[in-house]
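**Q** Need a 3D model of the following:
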Amino acid sequence: MKFNQLVTIICITMLSFCYHKRAYSADYVGVEQCVDCHQQEYNDWKTSHHNMSMRHASVESVLGDFNNATLAVNEQTHRFFKKGTDYWVNTKGPDGKFHDYQISYTFGYEPLQQYMVKFPDGRVQLIPLAWDSRDKSKGGQVWFHLYPYMEVHDEFFWTNNGQNWNYMCADCHSTNVNKNYDSKTNTYDTTWSEINVACEACHGSASDHIKWSKQPIEQNSNMGFNRNLAPKVGSWEFNKGKKILKPKQLSDSDQLNTCGQCHSRRAQLNNNHDHLKSDFFDKYMLNAITPELYYPDGQIYDEVFVLGSFKQSKMHKAGVVCTDCHNPHSNKLVAPKEAICFKCHVPNEYTAAKHSQHQEGSEASLCVTCHMPKTTYMEIDPRADHSFQIPRPDISQQIGTPNVCTSCHTKETNQWAINALAKQFPNSSYQQSDHFAIAFAQAGAGIPISGDSLSYIAQNSLEANIIRASALSRMDRFPGQNAMVAIMRGIKHQDPQIRIGAIAGSAAYPFEDRWQIISPLLQDPVFAVRTETAGALVINWQNMNANQQALLTPALNEYIEIQQFNSDRGFGLMNLANIHRAKGEVKLAELTYLKAIEIEPIFATSYVNLADLYRQLGDDDKSLVLLKKGIKNQPQSATLRYSAGLNLYRQQQLKYAIDYFTQATEIEATNAQYWYVLGLAQEKINVSKAMVSISKAYDVGRNPQHLYALCEFKIKYRDPTTQACLDRLAKIVPPQVIKQLTGG
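**A** All right, here's what the predicted structure looks like:
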């Protein structure tokens with residue numbers, strides 16, 4: 001053994017010893033150890049959502065009526081009853097029949113309470129039947145169905161992975177959670193220190209704090225904890241002539257990342273990295289501003305649990321954190337709503353008469369009514385938007401986003417709201433100003449000029465970093481010189497989310513260029529950045545030289561660790577299979593795809609990828625059999641039908657191919673590619689239908705190539721509306737394109 005190898009082994013051993021010694025010394029001690037010294041905090045916590053986040057089902061925790069109560073929904077009756085002291089529900093299982101299931105745990109307590117069933121394999125699943133715990137006068141004290149039209153093949157059917165506590169919920173609803181999934185047996189042995197969100201869920205393990213409490217204060221500024229949860233702003237100061245106070249001093253704080261680990265839409269990458277002392281993205285991947293979660297202007301669409309919204313706000317940029325507004329122990333506001341706002345916003349500048357023009361003291365006059373509009377989720381649970389946006393009815397008029405003006409004044413139009421704001425704020429520099437929403441909406445519609453707009457947003461330091469990252473991630477469809485510049489700058493940005501956005505945005509470039517752009521990030525200090533880079537590049541493994549493969553391997557191994565950690569989901573195993581396929585390990589790829597299908601049979605993409613592998617191997621028959629199996633298990637998937645159509649088209653079974661393509665457009669009517677391919681297939685059978693389908697492709701996607709194809713069809717078949725098509729195309733493409741098409 002060489003000397004330097006020996007030194008390395010010794011260092012690793014010492015580091016391992018230090019790590020385990022630290023883990024041993026800083027233990028979780030339980031909430032009972034906190035009560036004596038922190039009675040007020042404990043009393044606040046006792047009545048909080050954190051305390052009630054999860055409980056064993058008992059007479060103390062269960063709020064719902066289990067006295068043989070029933071709920072009839074869609075001609076099906078669900079029954080809630082007790083056997084001795086145990087709570088039970090009779091409801092529909094995965095076989096479509098009704099069975100008795102024992103309730104093991106409660107989830108939350110207001111405005112609704114959910115219930116969970118534990119299965120022998122360690123899975124804990126949330127039933128879709130919830131108790132409305134609001135007062136009866138508000139419509140509460142009744143059972144209701146969260147997903148009344150959910151079928152067995154839906155991801156969020158209660159026994160499927162979308163309602164699995166171990167993967168979806170545990171990390172945030174209990175303290176010190178270890179998922180402990182065994183991929184060999186497909187079972188869980190999930191553990192926690194405390195079943196609910198207790199003191200140490202936020203403060204960290206407290207054994208060192210107890211030791212510190214018996215020593216002089218000077219020995220540890222964080223009082224024996226491994227994190228600093230103090231506010232970022234020590235004090236705020238007023239500057240003459242300004243309406244809003246400015247932070248006098250800013251200091252580092254772990255608070256936002258501590259709260260944000262749960263109050264956010266994010267993916268968990270592992271269970272052993274520190275998201276506080278290193279970086280949030282070492283353990284979690286925060287979702288960007290995507291169409292699935294947000295409107296193009298950043299307003300909440302789906303549940304986003306605050307952090308992604310808040311990171312867009314001026315409040316976040318100024319240094320505001322959660323406890324500036326919320327008591328972290330009771331979860332209640334620290335003061336009345338307006339009093340909180342007026343801590344920083346000079347009160348006499350924001351009176352109802354001067355600012356909102358609503359009646360003083362009314363609900364409409366409150367700051368939060370206009371700047372934190374609520375969206376109701378889970379039927380009865382309103383959540384406030386924390387992006388603190390200024391209403392923009394002019395954007396609503398352009399792209400159809402909601403705004404609080406017409407959401408409240410439902411009989412009025414966006415133009416009415418535009419006029420009202422112009423009258424109230426005639427000197428506003430904000431109304432009618434440029435906004436990233438327009439570029440995001442145009443990018444979503446596939447408009448070619450979107451690349452330049454996105455490039456500008458990505459490089460605009462006045463925009464929030466999460467917006468800049470989201471702009472970069474949308475560039476994958478719009479490569480160009482400006483996009484390249486924005487991506488190159490994004491790669492070097494200090495915010496890891498911007499670097500991750502740049503990785504996604506580089507997808508459209510050839511491998512040689514993409515390698516040059518993003519390969520330096522394979523050695524990035526942040527876990528999510530280097531693993532996302534590896535995941536993006538590994539698809540080109542066969543095109544890499546030995547040096548490139550060697551450089552990729554360490555980060556790729558970490559990327560593999562993430563997929564193994566998430567191998568209880570189909571996507572984790574599918575990603576592993578994709579790696580095997582990229583490396584030419586065909587048999588391993590096939591087996592891993594099959595495992596993904598076994599673990600999550602409703603996950604359509606696993607079928608599509610394995611079917612494509614069979615196609616690549618020249619076995620279209622095997623591919624089609626698999627796709628039909630996928631359609632049976634996931635009948636809502638358009639992509640499975642589209643893939644089956646392509647398979648049959650290759651086998652020259654045109655009639656059946658067209659049938660599958662048509663089904664794909666019926667399920668996903670806004671997918672331009674499906675309409676386009678349907679039109680190409682229909683050409684040999686019915687030219688008129690073919691032109692209708694290609695026209696539809698352009699209407700839903702606004703891709704100039706589809707309009708070009710439509711005009712080409714019309715020329716080829718001497719359609720009388722050819723000139724109208726060419727005139728339409730001439731408005732969006734250079735003149736030489738028209739000349740090329742017409743032979744002029």
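
**Q** Assumed Asn226 was part of a helix.
**A** No: inclusion of Asn226 in a helix is not indicated when DSSP: H, G, I helix; E, B strand; the rest coil is applied; the result is coil.

**Q** what residues are up against it?
**A** By C-beta atoms under 8 Å, 6 or more residues apart in numbering, the contact set of Asn226 is Ala26, Gly204, Ser205, Asp208, Leu276, Lys277. Quick note: C-beta positions are derived from backbone N, CA and C, even for glycine.

**Q** Show me what counts as buried in the helix or strand where Trp45 lies.
**A** With elements taken from DSSP states H and E, the one containing Trp45 is helix 39-46. Of the residues in helix 39-46, Glu41, Tyr42, Asp44, Trp45 count as buried by neighbour count, 16 or more other C-beta atoms under 10 Å.

**Q** Just give me the closest of those to Phe81.
**A** Phe81 lies nearest to Trp45 out of the buried residues of helix 39-46, by C-beta to C-beta, at 32.7 Å.

**Q** Can you give me the distance of the residue nearest to that closest one when sequence neighbours are not counted to Leu229?
**A** The spatial neighbour of Trp45 that comes closest, neighbours along the chain excluded (C-beta to C-beta, 6 or more residues apart in numbering), is His329 at 4.7 Å. Distance, His329 to Leu229, by C-beta to C-beta, to the nearest Å: 11 Å.

**Q** Assign a three-state SS to Ile390, would you?
**A** Remark: Ile390 carries the secondary structure label coil [criterion: three-state DSSP].

**Q** what about the closest residue to it other than its chain neighbours, which SS state?
**A** If the residues on either side of it in the chain are set aside, Ile390 comes closest to Tyr430, at 5.7 Å by C-beta to C-beta, 6+ apart. Under the three-state scheme (three-state DSSP), Tyr430 adopts coil.

**Q** Tyr430 contacts Gln389, doesn't it?
**A** No: with contacts counted by C-beta atoms under 8 Å, Tyr430 stays clear of Gln389, the gap being 10.3 Å.

**Q** Who has more neighbours out of those two?
**A** When neighbours are counted by other C-beta atoms under 10 Å, Gln389 comes out ahead of the other of Tyr430 and Gln389, with 22 against 11.

**Q** Tell me the predicted confidence for that one.
**A** According to the model's per-residue confidence, Gln389 sits at a pLDDT of 96.

**Q** again with the one 4 residues further on
**A** Reading off the confidence values, Pro393 has pLDDT 97.

**Q** again, but for Met1
**A** According to the model's per-residue confidence, Met1 sits at a pLDDT of 42.

**Q** Is Met116 part of a helix or strand, or is it coil?
**A** Met116 falls in the strand class when you classify it by three-state DSSP.

**Q** need the contact list for it.
**A** Ile103, Ser104, Tyr105, Thr106, Phe107, Val124, Gln125, Leu126, Ile127, Trp165.

**Q** quick revisit: any idea which of the contacts of Asn226 is least confident?
**A** When it comes to pLDDT, Ala26 is the least confident member of these, at 73.

**Q** Tell me how far it lies from Glu558.
**A** Spatial separation of Ala26 from Glu558 under the definition C-beta to C-beta is 25 Å.

**Q** List the buried residues in stretch 161-181.
**A** By neighbour count on 16+ other C-beta under 10 Å, the buried set for stretch 161-181 is 161-177, 179, 181.

**Q** Sketch out the low-pLDDT regions of the chain for me.
**A** Scanning the chain for pLDDT under 70 picks out the ranges 1-25, 216-220.

**Q** hmm, 50 instead?
**A** Residues of the chain meeting the criterion pLDDT under 50: 1-25.

**Q** Just give the closest residue to Tyr509, not the sequence neighbours.
**A** Closest to Tyr509 by C-beta to C-beta, 6+ apart is Pro479, at 5.9 Å.

**Q** Can I get the helix or strand where Arg489 lies as CSV, trimmed to CA atoms?
**A** In this structure, Arg489 is located in helix 481-491 according to DSSP H and E. Listed next in CSV are the C-alpha coordinates belonging to helix 481-491 (Å, rounded to 0.1, in the frame of the first residue of the first chain):
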residue,chain,number,x,y,z
GLN,A,481,-27.0,33.3,-29.1
ASN,A,482,-28.8,35.3,-26.4
ALA,A,483,-29.9,32.1,-24.7
MET,A,484,-26.3,30.8,-24.8
VAL,A,485,-25.0,34.0,-23.1
ALA,A,486,-27.7,33.8,-20.4
ILE,A,487,-26.9,30.1,-19.7
MET,A,488,-23.2,30.7,-19.5
ARG,A,489,-23.7,33.5,-17.0
GLY,A,490,-26.3,31.3,-15.1
ILE,A,491,-23.7,28.5,-14.8
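
**Q** between the next helix or strand after it and helix 481-491, how many degrees?
**A** From helix 481-491 onward toward the C-terminus, using DSSP H and E, the following helix or strand is helix 496-505. Per axes from the mean of the first three to the mean of the last three C-alpha atoms, to 10 degrees, the angle that helix 496-505 makes with helix 481-491 is 140 degrees.

**Q** what's helix 496-505 packed up against?
**A** Helix 496-505 sits against helix 450-458, helix 465-473, helix 481-491, helix 511-518, helix 527-537, with contacts defined as 3 or more C-beta pairs under 8 Å, 6 or more residues apart in numbering; DSSP states H and E.

**Q** Please consider this matter closed, and thank you.
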